[in-house]
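**Student:** Provide a 3D model corresponding to the input given below.
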Amino acid sequence: MAFSTGLSGLNAASKDLDVIGNNVANAATVGFKQGEAQFADIYANSLYGAGNNTVGIGTRVAGIAQQFTQGDITVTNRQLDLAISGNGFFRMSNNGAIAYTRNGQFSLDKNGYIVDTNGDRLTGYLAGPTGIINSVSPVDLRIPTGDLSPTATSKITAQFNLDSRSAVNTTAFSITDPNSYTNATSLKVYDSLGNSHDVNLYFVKSSVNAVTNNATWSVYASTDGTTQVGAGPIGTLTFNSAGSLVSQTDSTGAAVTGPITLPTINYGNGASSASMTLDMSGTTQYGNTYSPNNLTQNGYTSGRLTGFTFSADGTIIGTYSNTQSMALGQVALANFNNVQGLIPQGNNLWQESAASGIPIVGVPGGTNLGKLQSGAVEASNVDLTAELVHMITAQRNYQANAQTIKTEDQLMQTMVNL
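**Tutor:** Here you go, the predicted model:
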């Protein structure tokens, strides 16, 4: 029996050395998870049950368990390299066949899909034309190369200080007569075709109430410096003696408490007629020089994709030549109740099994899912020093089991010689 016992020990030690050798060979493999040989003892079955003095008949390899501990994050500064800090796997698709990996070395194929070195496609959630991500079910992630459509300006946000020391202007307003307005400013807006236009705002100090000391300013507007918006002022602003804005009216003279709606603008170039609002909340009338303190609008021209980045939650943010940025999609991660149940497929891939359970798919940073770090990869979690020490131990085990067989052979030879 000692022959079979020693032989089982030799097989177990050999298998242990195989696992160690595989770990050492993959010490530089991105996303690799080291394996560990696990053993179990063997006892012969007895018809009437085992007694207290039963001798075992050797050992066997119970399984090879991979250790899914976190590997070191190595910075590469390569745009499409991704590392998972925490739990989870990248979800890869090969014509619909799904596999999972921790290797985040990705690139773009000729069709714009994000792929690994095997050509499998990274999956996630795509964004719609307005950047809203559809997180219903993961699909192959693709970076769109088309132009970003223009958006017509619909809102102007402006904040000014109007100089309270300015005199009341009694000259009839004309966009061509600088003497007919107190101050003016200009900003660019965009039509539905993405063409830019200059909208000029003119401020005319029209009156000061002798009783309340409230000052009223009329606001006019023009497009491209040639066409007045509306037949008269687009609105009025009234300030109290402390310089605060207390009331507004629109072009019809109706009181408004929020943004002023401008009369419809027709650019005359084939673009849609524009309807804009002008929000001048926070505008003041102090005894300081006139100054625009804030002047923004929400339109932009068309733009071409100039680059993209990944955020910690997996969102892919595209940047465009028109200075706009928009979400293009979001990387999906998957986790399992029992990662030890995953089946290794080679090429840094694992496949789900009945033992692993079904994948729990979500976004990075979600429940029990790690975050992403772009421009970095996760190194192998193999500890070379520990593996070399383990190799010495396995070698000693192999030698000791060989000695068991040698000793048994000597005993048998002695018996034969009797």
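
**Student:** The closest residue to A152 other than its chain neighbours sits in which helix or strand?
**Tutor:** Sequence neighbours aside, S192 is the residue nearest to A152 in space, at 4.3 Å (criterion: CB to CB, 6 or more residues apart in numbering). (Each C-beta comes from the backbone N, C-alpha and C, glycine too.) Assessed by DSSP states H and E, S192 sits outside every helix and strand.

**Student:** buried sites along the helix ranked longest in the chain?
**Tutor:** For the chain, the helix with the greatest residue count under DSSP state H is helix 384-417. Within helix 384-417, the residues scored as buried using 16 or more other CB atoms under 10 Å are 387, 390-391, 394, 397-398, 401, 404-405, 408.

**Student:** cool, and stretch 236-255?
**Tutor:** 236-239, 243, 245, 248-251.

**Student:** Does anything pack onto the longest helix of the chain? Which helices or strands?
**Tutor:** Here helix 384-417 touches helix 2-25, going by 3 or more CB pairs under 8 Å, 6 or more residues apart in numbering; DSSP states H and E.

**Student:** Report the buried residues of the helix or strand just after the helix it packs on.
**Tutor:** Next helix or strand after helix 2-25 toward the C-terminus (DSSP H and E): strand 35-42. Under the neighbour-count criterion of 16+ other CB under 10 Å, strand 35-42 has 35, 37, 39 buried.

**Student:** list the contacts for the last one?
**Tutor:** What it means is F39. 12, 16, 59-62 (CB atoms under 8 Å, 6 or more residues apart in numbering).

**Student:** now those residues: which count as buried?
**Tutor:** 12, 16, 59, 61.

**Student:** Report the beta-bridge partners for the third one.
**Tutor:** I take that to be T59. D41 (DSSP bridges).

**Student:** residue contacts, it?
**Tutor:** 8-9, 12, 39-42.

**Student:** Number of residues surrounding the residue nearest to P144 when sequence neighbours are not counted?
**Tutor:** Closest residue to P144 apart from its sequence neighbours, by CB to CB, 6+ apart: L328 at 6.4 Å. A count of neighbours around L328, defined by other CB atoms under 10 Å, yields 20.

**Student:** Strand partners (parallel or antiparallel) of the helix or strand hosting L328?
**Tutor:** Applying DSSP H and E as the criterion places L328 in strand 325-331. In the sheet, strand 325-331 lines up against strand 121-126 (antiparallel), strand 315-320 (antiparallel) (DSSP bridges).

**Student:** what helices or strands is whichever helix or strand comes after it leaning on?
**Tutor:** For strand 325-331, the following helix or strand on the C-terminal side (DSSP H and E) is strand 333-335. Packing partners of strand 333-335 (3+ CB pairs under 8 Å, 6+ apart): strand 89-94, strand 360-362.

**Student:** contacts for strand 333-335?
**Tutor:** So strand 333-335 is contacted by 84, 87-91, 100, 314, 359-364, 366, 368-370 (CB under 8 Å, 6+ apart).

**Student:** How about the backbone phi and psi for T238?
**Tutor:** Backbone torsions for T238, taken as degrees, to the nearest 10, come to phi -120, psi 130.

**Student:** so who does it touch?
**Tutor:** With CB under 8 Å, 6+ apart, T238 has these contacts: 214-217, 245-248.

**Student:** pLDDT for those - can I get that in JSON lines?
**Tutor:** As requested, the contacts of T238 are exported to JSON lines (pLDDT from 0 to 100):
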{"residue": "N214", "pLDDT": "96"}
{"residue": "A215", "pLDDT": "96"}
{"residue": "T216", "pLDDT": "97"}
{"residue": "W217", "pLDDT": "97"}
{"residue": "L245", "pLDDT": "96"}
{"residue": "V246", "pLDDT": "96"}
{"residue": "S247", "pLDDT": "96"}
{"residue": "Q248", "pLDDT": "96"}
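
**Student:** could I get the buried residues of stretch 236-255 as JSON lines with distance to D120?
**Tutor:** As requested, the buried residues of stretch 236-255 are exported to JSON lines (distance: CB to CB, whole Å):
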{"residue": "T236", "distance to D120": "64"}
{"residue": "L237", "distance to D120": "61"}
{"residue": "T238", "distance to D120": "66"}
{"residue": "F239", "distance to D120": "65"}
{"residue": "G243", "distance to D120": "65"}
{"residue": "L245", "distance to D120": "60"}
{"residue": "Q248", "distance to D120": "59"}
{"residue": "T249", "distance to D120": "63"}
{"residue": "D250", "distance to D120": "59"}
{"residue": "S251", "distance to D120": "60"}
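
**Student:** what's the farthest-apart pair in these?
**Tutor:** G243 and S251 (24.7 Å; CB to CB).

**Student:** contacts for stretch 318-326?
**Tutor:** With CB under 8 Å, 6+ apart, stretch 318-326 has contacts from 127, 130-131, 143-144, 148, 300-309, 317, 327-328.

**Student:** Now, those that are in strands?
**Tutor:** Among those, the members falling in strands (DSSP state E) are 305-309, 317, 327-328.

**Student:** just the buried members of the residues you listed?
**Tutor:** Looks like these have 305, 308, 317, 327-328 buried, using 16+ other CB under 10 Å.

**Student:** from those, which is closest to P259?
**Tutor:** A327 (27.1 Å).

**Student:** How about the contacts made by that closest one?
**Tutor:** 127, 131-133, 315-318.

**Student:** Let's see that with 6 Å instead.
**Tutor:** Neighbouring residues of A327 by CB atoms under 6 Å, 6 or more residues apart in numbering: 127, 131, 133, 315.

**Student:** ok, it to N337 distance?
**Tutor:** Distance of A327 to N337, computed by CB to CB, to the nearest Å: 31 Å.

**Student:** For the closest residue to D18 other than its chain neighbours, list the residues it contacts.
**Tutor:** Nearest residue to D18 in three dimensions, chain neighbours excluded: A37, at 8.0 Å (CB to CB, 6+ apart). Going by CB under 6 Å, 6+ apart, A37 touches 15-16, 19, 61, 64.
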